[in-house]
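S.K.: 3D model of this:
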Amino acid sequence: MADNFDLFGDPIPANHGGKGRPPHIPTTENRNRVNMLLACGWSNERIAGAMRITEPTLRKHYFSELKSREVARDRLNAVLLMKGFEGVQKGNATAIRLFLHLVERNDLMQFGQSLRPARVEKSEKSSKPAKLGKKEEALLAAQQPDVGTPMGELMARRQQSMN
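M.R.: Here you go, the predicted structure:
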């Protein structure tokens with residue numbers, strides 16, 4: 001193994017500066033990075049680009065991590081829950097708050113709900129009222145004066161007295 005590291009913390013191979021491109025050396029840190037990026041939903045192309053390697057090199061050295069793509073998010077959530085629980089056991093108030101948030105999010109996920117609003121179907125979209133133009137909006141705004149100003153308050157009183 002190399003004792004020297006580049007600016008990104010990657011080990012510099014022994015044949016650096018020799019003929020050909022130096023081989024990629026998978027490290028524990030790089031394996032963790034691949035797992036984290038998989039959990040965030042990154043494609044192989046993006047992961048390889050971020051690690052400055054080719055896709056075949058990614059598949060060659062990190063095939064076991066790539067196999068677990070479907071469970072990577074669950075594994076990340078499990079680690080976050082454990083870290084939060086460790087903070088709860090220490091009595092950290094911020095950790096308690098964050099842990100409760102993670103548990104609520106987990107409960108929503110368990111019941112098949114999501115934090116994002118549900119997609120609106122086309123039939124629901126068409127039932128929305130048509131968007132008003134500038135002139136129609138101005139007429140409606142004129143009918144409803146701003147009572148926070150003296151002039152708006154006077155106009156509101158006059159409208160009430162006319163009705």
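S.K.: separation between residue 75 and residue 102?
M.R.: 14 Å (CB to CB, to the nearest Å). (Glycine included, C-beta is placed from N, CA and C.)
S.K.: do residue 147 as well
M.R.: The gap separating residue 147 from residue 102 is 44 Å, by CB to CB.
S.K.: neighbour-wise, which of those two wins?
M.R.: Taking neighbours as other CB atoms under 10 Å, residue 147 and residue 102 compare with residue 102 leading, 16 against 13.
S.K.: remind me which helix or strand the more buried one belongs to.
M.R.: Using DSSP states H and E, residue 102 sits within helix 93-110.
S.K.: packing partners for that helix?
M.R.: With contacts taken as 3 or more CB pairs under 8 Å, 6 or more residues apart in numbering; DSSP states H and E, helix 93-110 sits against helix 69-90.
S.K.: got the angle between the helix it packs on and helix 93-110?
M.R.: If you take axes from the mean of the first three to the mean of the last three CA atoms, to 10 degrees, helix 69-90 sits at 140 degrees to helix 93-110.
S.K.: just checking, what packs against helix 69-90?
M.R.: Checking 3+ CB pairs under 8 Å, 6+ apart, helix 69-90 ends up next to helix 28-39, helix 93-110.
S.K.: beyond the helix or strand bottoming out on mean pLDDT in the chain, next helix or strand please.
M.R.: One helix or strand of the chain scores below all others by mean pLDDT, DSSP states H and E: helix 122-126, with a mean of 59. Downstream of helix 122-126, the first helix or strand assigned by DSSP H and E is helix 134-143.
S.K.: sorry, back to before: so can I have TSV of the helices and strands packed on helix 69-90 showing distance to residue 14 and mean pLDDT?
M.R.: Formatted as TSV, those follow (distance: least, CB to CB, whole Å; pLDDT from 0 to 100):
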stretch	distance to residue 14	mean pLDDT
helix 28-39	18	92
helix 93-110	44	85
